[in-house]
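K.L.:
pasting the sequence and the predicted model now:
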Amino acid sequence: MRPGEAGGRINLMIALNLSERKELHICCGLPSLTCPAMDTSLHATLGLVLVCCLWGAWAQTKIEVTNGGIWGSWGEEESCPDKSFAIGFSLKVELPQLSGDDMALNGIRLLCSDGRTIQSDTRIEVTNGGIWGKWGEEESCPDKSFAIGFSLKVELPQLSGDDMALNGIRLLCSDGRTIQSNVGPWGSWGPVMKCPSGQRLTQFRLRVEPSQGFKDDTAADNIKFVCTGGAELRGHGRCWGKWGPQSCSCGQRGICPIATKVEAAQGKGGDMALNDVYFRCCINDLLGT
């Protein structure tokens with residue numbers, strides 16, 4: 001296909017605008033190309049903008065609909081890596097609340113032809129986090145810096161007592177500072193683990209013990225990060241529970257903010273300390289390393 005000829009694939013950017021609209025219609029094509037519309041009828045709650053990549057052409061074509069909702073703000077555009085394109089998608093949907101406010105569609109994730117996934121929201125999270133505790137305030141690496149390493153606050157096994165395991169996660173920023181969100185009161189900080197020179201943290205997975213019923217619960221026990229060059233850094237946490245799925249990747253932008261979900265001391269009953277964590281990608285992906 002030569003420049004100027006019709007033809008293309010949905011390839012590059014996705015951006016979401018959250019709203020309260022209940023319907024989403026997408027036609028995937030170029031101005032000179034006729035294609036059938038895809039009516040998802042998924043009670044959508046957003047506006048959607050995609051960018052097509054022309055085969056053999058040094059151009060991109062933005063495609064959008066006119067009936068998106070008016071509320072919300074646009075997220076950062078995300079792109080499938082060079083020489084790849086979108087071949088599928090998945091949705092993040094809230095089930096009907098029956099007695100409460102329904103949000104329905106909360107996110108769209110594109111599957112790229114190289115196997116990676118992209119989404120507009122800069123927040124990366126996992127699905128196996130614990131259910132107890134409250135989220136702390138987001139803390140971010142200072143402007144023009146990014147996370148290059150981490151350390152964990154871990155309580156050693158108590159043998160005859162209540163085990164809390166993972167109590168805190170601290171990020172090491174590229175300017176030498178450290179940041180942390182909510183932290184439990186038990187345990188001590190371990191050694192700092194760093195990405196290879198010139199790399200940054202970009203993806204993670206969490207090791208979590210599910211509810212044990214009347215037995216001792218520990219919730220989150222360990223974390224593993226992936227650096228932008230592919231190196232894996234495994235924390236010095238405990239071995240209870242199982243590793244969950246990988247989060248989405250921040251790509252070369254890396255991780256900047258962190259927020260942790262921690263259960264406060266219960267006084268009576270079992271304590272679980274850190275239950276879950278999420279990160280956000282650095283906003284400026286052109287920062288030097």
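P.N.:
That came in fine, so what should we check first?
K.L.:
tell me the contacts of the residue nearest to C141 when sequence neighbours are not counted?
P.N.:
With CB to CB, 6 or more residues apart in numbering as the criterion, C141 has its nearest non-adjacent residue at 3.7 Å, and that residue is C173. Just so you know, the C-beta spots here come from the backbone N, C-alpha and C atoms, and that holds for glycine as well. Contact partners of C173, counting by CB atoms under 8 Å, 6 or more residues apart in numbering, are 141-142, 145-148, 179.
K.L.:
now list the buried members of those residues.
P.N.:
141, 145-148, 179 (16 or more other CB atoms under 10 Å).
K.L.:
redo these as a markdown table? Include secondary structure, distance to G107 and pLDDT.
P.N.:
Output for these, formatted as a markdown table (DSSP: H, G, I helix; E, B strand; the rest coil; distance: CB to CB, whole Å; pLDDT from 0 to 100):
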| residue | secondary structure | distance to G107 | pLDDT |
| --- | --- | --- | --- |
| C141 | coil | 24 | 96 |
| S145 | coil | 28 | 95 |
| F146 | coil | 24 | 97 |
| A147 | strand | 23 | 98 |
| I148 | strand | 28 | 98 |
| I179 | strand | 26 | 98 |
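K.L.:
out of the residues you listed, flag the one nearest to D114.
P.N.:
The nearest member of the buried ones among the contacts of C173 to D114, counting by CB to CB, is F146 at 23.6 Å.
K.L.:
my guess is the closest one meets C281, correct?
P.N.:
No: contact criterion CB atoms under 8 Å: F146 and C281 do not qualify, at 9.3 Å.
K.L.:
between the two, what contacts are shared?
P.N.:
Listed contacts common to F146 and C281 are 253-256; contacts here mean CB under 8 Å, 6+ apart.
K.L.:
looking at the buried ones among the contacts of C173, which one is closest to N67?
P.N.:
Closest approach to N67 among the buried ones among the contacts of C173 (CB to CB): F146, at 38.1 Å.
K.L.:
what about the closest one, distance to E232?
P.N.:
Going from F146 to E232 by CB to CB, to the nearest Å gives 18 Å.
K.L.:
swap in V192?
P.N.:
Distance, V192 to E232, using CB to CB: 16 Å.
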